[in-house]
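Asks: Build the 3D model from these lines:
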Amino acid sequence: MTVVQGEPENSVITAAGRESFVPSPLKTKPTSAISTHDNQNPLKIFLFTDTPAANVKTPTSGNAAKSKKESMPPSSIREDSAISAPDKRESAKIFLFTDTSTKSVNNQESASATQLTREQTPLPPSKTAPSDTAAPTKKKARKNFLFTDSPAVNAKKPDPNLATRPNKSPTPSPSLNLADDKSDSKLIDTALLINQAKTSPKNNIRSEEKSGFYFTNSPPKGFEHLSAPQTTEVDIYLGNELLTSAMARYDLTSIEFINPQEITALLTQLKEPAAIISAISGPLNPHTEDVCLNKLQQKCGVLEPSIAEIIFDTDRFRVDLFINPLYLSEQTYQSQMFLPAPQDDLSSVNIFTARVSGGDKLEQRSHLTSNNIISYGSTRLHTQTRLDNSDGFILESANLEHDRNKWNYAIGTMESTSYVSSLVTTKGFLGLRVARSLKTRTDLRLSRANEIFIFFNERSYVEIIRDGRVLASGFYEPGNQQLDTSSLSEGVYNITVRISNSRGEELQTHLFSRSSVLPPQDHALHFIEAGMLVKNNNLNRINKAPKVSDVSFIHAGTRMRITDRFGADLEVLNGSKNTAFIQAGLYYFMPGLSLHGGALGGSQQTQGKFFDLLYSHQLFSLGLTHRGIETHQEEITGSFKTSTTTGLTLGARILGGSLTARATETNNARIAKSTDYSLTYRRSLFSRGRSRAYLTLDWKNSHGEDTVAMGLQFTSSNDTHSKYLATRWSDNGEDSMLQTEGRFTRFHRNNGSLYGSSTVSARTEKGQQNLGLHLKGESRFGSGFLETQHKHGNNNSNTTYSAGTQAIVVTGASAIASGGGRFGRAGIIVDLNGRSKEDFEVFVNNSNKGIANSNRNQPILLPPYKSYDVTLRSKGDNLDRFDAKPRTVTLYPGNVVHLQWDVNPVFVVIGQAVYADGKPVENTRITNLEEFSGTDENGWFQVELTKKQTLELALGDGLVCNIKLPKLSENENVVVFDQLICDPKIHTSSSDY
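Replies: Numbers count the residues shown, from 1 in each chain. Below is the predicted model:
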């Protein structure tokens, strides 16, 4: 250990096992080391601890640790090395001081740099010197002081072995890493210093003189400021991320924030801010023993507080704040639960379809249908009409709807609400309905699953693993964060969460559950509807207009998720004609198993029951379903029909294929009881690219008759065509049949975009041959198809045909557009303005949905109840300037948003700006362009223009000159000019073409 000389008063060596804790700032200048062999003048060494000397534990030697210069006392004191405290949480902080105040130390001695070696350090009592070794001689006794904050009441008598210590360096402590020591001197063995001090009685002067160490209850003269509080700015970290900087007051044993409210004001996740303010107010335990000394150290740098605690790193003036997760709010993965409201604009979506069909010995039929939605914001009128050549005009349905967050309101003709498990058949009615809906929810992929929250101490990388496969991954910020499980499949199963951060890797296991059958736990579905039942129970068969029966009803129900794995539903109906029922069901999910069952009771001795079971395993799956109802109600309402159906399905993976076995039993009032069994095996024979071949084996028993079959299928496709070929042989014991079918489809594209297809098909079976042709086309103006089929065999032949076309007309704000394309109940109109003649691809959520140009408006229909990002991409090679940022639109049924872009060709102009005398206009800015541009030292410039214009150059001192560009050809993207005269007489005109 090197003892460093300060200025005349003192020099100090701080020794804290984990922290060098020196409270006052220090300004030092380079000094030289004092030789400890110099016995001309006495040298005082002080060992300072922050705990009573009676409790001092023998420390383990550690690496020298340096403190910040600005944290040291205002004296000519310089730190040299640190004595390590024992590796315990309640260990003492020990400081070693040397007093060099003796005036007789000359400059030559001060300039000489020598070392305090281990040979001059007393050995502990357990180490005795050999008899032939003498202790080093000293001309004068050196006084060393051990400074503590209490009397050494438990000090032991000096060990007599100390008098005969060997003149040999002791073995360093195993925890001492000499490779990390930056000093040139040998380190002092701290165990020797502490043991020497502990065995020196306070009043035994002779022993003190031998050991060279003294106990004292107060700091030596000149070191009183070391235990005084200090105020400074510290960095506050939360989750290993810098939160803020704050003023704090600290000393050797505590730290106190000047204004803790400033810290908590930045914490937006707090449930109880007052509790956190109270926990970090007043003197706080700095927990300096928990500071990580290096990256490889474990079990450090983390606290698990009851409310909130800190770790103070005095070397870096860093405070790490730790808060109990119970006091932090849960951060959901997606904050927006519902779609935003759409724009309050009047718009409409109108889809018109015309179709004609006929053939040999068949009556020709033709009809025209229209499906219209007129909307204003989230309110819409929906009508469906048909014009038939035999029935005339038919109004099939008409209703008015309105959406508002969770609720949907409707009035008019509509289908009755019915759950999947309902034993009641769906009916059409004329009336009104109020229902909670999930259509406007944006988080269904998350909310239909159980929520998994994990507390992260710092920003972490997380992987979600199932059966060794990574299903999802991503980074998560500190706090109680919800895992993003939107990409996980339905079911109930265990997942492993692997968390990686600066502290290493951690694995957690959680049970995951997702079901689309039940709504989210915070969004139970309720409905109530009332009205008059429509005759025939089918709105599409009503002639002229909806005709209602004399049966009125009121119908209500609810479905809810009670826990992550338990749910229930209830349905009640009461109507005239003595029609009433109540139905209830329960749901339960567990790993690999889904259960659903319930019962129904109604008027006129109506009763029913249902049960569903689905079990999944890695090797097989099992499904069981049962539906049964008995009733004496009249069939006028069509609500109930006596029937019983039971089905059992078993699936398994066998010999590289899939085997499916089914058994079904059906019994109703109109058809006799029947039991069917089937067994199907399907296996892939080969798969290469987009070409595949399959083998299928079937066995079926129906009404006591057995049928066996074997089939081969081959499919192949690419961007230009697709092929399908299948052959099937079957035998029912009385007759056998071979059936062969083939199809070839050719895709027609224009610049990579599909606009049509043509399909030729052929089929032969048991003496009959069928030939077919199907043509389909699509354009910006509409779509259409033509299909014809010819059958020949058994001395009989006939030909049938059908053809149809579809056109779409949409209106939005002040725009109107028409065209073909995919069906949708909402959409956008893409309107390109400007002089560009290029075609542009319209991307919706990064998917190509159509082609647009400046010649006409392009309609694109999309599904409603979603938000979309719409962008443009040029298909050509020319340079065009347009706004490439995404346009976000929210669409409800009937909404059409008019989107406009200004698209203009860009000319790259390169030229040299010169004055009239030919001198270049050097290093001058061009001021009338959107982008920053200017000339170089030779007057050359390069600019991008969307039109011909005059360039204005700022010459300085308020002077400008202008360059009038020659005529530009729109066929050239890059134009180069030799010299362009910058004339101050020409006026700027940004619209000069």
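
Asks: CA only for contacts and neighbour counts going forward, please
Replies: Fine.

Asks: For Leu659, list each beta-bridge partner.
Replies: On the basis of DSSP bridges, Leu659 is bridged to Ala652, Tyr681.

Asks: Same check on Gln942?
Replies: With DSSP bridges applied, Gln942 shows beta-bridge pairing to Ile910.

Asks: go on, Glu741?
Replies: Assessed by DSSP bridges, Glu741 has beta-bridge partners Ala726, Arg763.

Asks: Next one: it from Ala762, what distance?
Replies: Separation of Glu741 from Ala762 (C-alpha to C-alpha, to the nearest Å) stands at 6 Å.

Asks: list the residues that contact both of those two?
Replies: Common neighbours of Glu741 and Ala762 (criterion: C-alpha atoms under 8 Å, 6 or more residues apart in numbering): none identified.

Asks: so where's the stretch 251-400 of the chain uncertain?
Replies: 333-335 (pLDDT under 70).

Asks: so Arg692 makes contact with Ser722?
Replies: No: Arg692 is beyond contact range of Ser722, at 11.9 Å (criterion: C-alpha atoms under 8 Å).

Asks: Need the residues touching each of these two.
Replies: Common contacts of Arg692 and Ser722, defined by C-alpha under 8 Å, 6+ apart, comprise 715-716.

Asks: could you pull out the strands for the stretch 351-500 of the chain?
Replies: 362-376, 379-388, 392-404, 407-415, 428-436, 453-456, 460-466, 469-476, 479-482, 491-501 (DSSP state E, counting those that start in this stretch).

Asks: Take those strands and lay them out in CSV including mean neighbour count and distance to Ser643.
Replies: Output for the strands of the stretch 351-500 of the chain, formatted as CSV (neighbours: other C-alpha atoms under 10 Å; distance: least, C-alpha to C-alpha, whole Å):
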stretch, mean neighbour count, distance to Ser643
strand 362-376, 18, 36
strand 379-388, 19, 34
strand 392-404, 18, 30
strand 407-415, 19, 23
strand 428-436, 22, 22
strand 453-456, 17, 47
strand 460-466, 19, 42
strand 469-476, 15, 44
strand 479-482, 20, 47
strand 491-501, 18, 31
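
Asks: and Val870, which of those is closest to it?
Replies: Ranking the strands of the stretch 351-500 of the chain by distance to Val870, with C-alpha to C-alpha as the measure, places strand 362-376 first at 21.4 Å.

Asks: what distance separates that closest one from the centre of its chain?
Replies: 45 Å (C-alpha atoms, centre = their mean, to the nearest Å).

Asks: Give me the sheet partners of it and which way each runs.
Replies: In the sheet, strand 362-376 lines up with strand 346-359 (antiparallel), strand 379-388 (antiparallel) (DSSP bridges).

Asks: Need the contact partners of the first one.
Replies: What that stands for is strand 346-359. With C-alpha under 8 Å, 6+ apart as the test, strand 346-359 has contacts from 364-377, 798-813, 825-827, 894-896.

Asks: switch the cut-off to 6 Å
Replies: 364-376, 799-812, 894-896 (C-alpha atoms under 6 Å, 6 or more residues apart in numbering).

Asks: And it, how far out from the chain middle?
Replies: Centroid separation for strand 346-359 versus its chain: 42 Å, with C-alpha atoms, centre = their mean.

Asks: Equivalent analysis for stretch 657-667, please.
Replies: Centre-to-centre, stretch 657-667 and its host chain are 41 Å apart (C-alpha atoms, centre = their mean).

Asks: Out of the strands paired with strand 362-376, which gets nearest to Phe475?
Replies: In terms of C-alpha to C-alpha, the element of these nearest to Phe475 is strand 379-388, at 40.2 Å.

Asks: which element is Lys849 on?
Replies: Using DSSP states H and E, Lys849 sits in strand 847-852.

Asks: That strand packs against which elements?
Replies: If you count contacts as 3 or more C-alpha pairs under 6 Å, 6 or more residues apart in numbering; DSSP states H and E, strand 847-852 packs onto strand 840-844.

Asks: for the strand it packs on, packing partners?
Replies: With contacts defined as 3+ C-alpha pairs under 6 Å, 6+ apart, the packing partners of strand 840-844 are strand 847-852, strand 866-874.

Asks: Tell me the buried residues in the last one?
Replies: With burial defined by 16 or more other C-alpha atoms under 10 Å, the residues of strand 866-874 counted as buried are 866-868, 870-872, 874.
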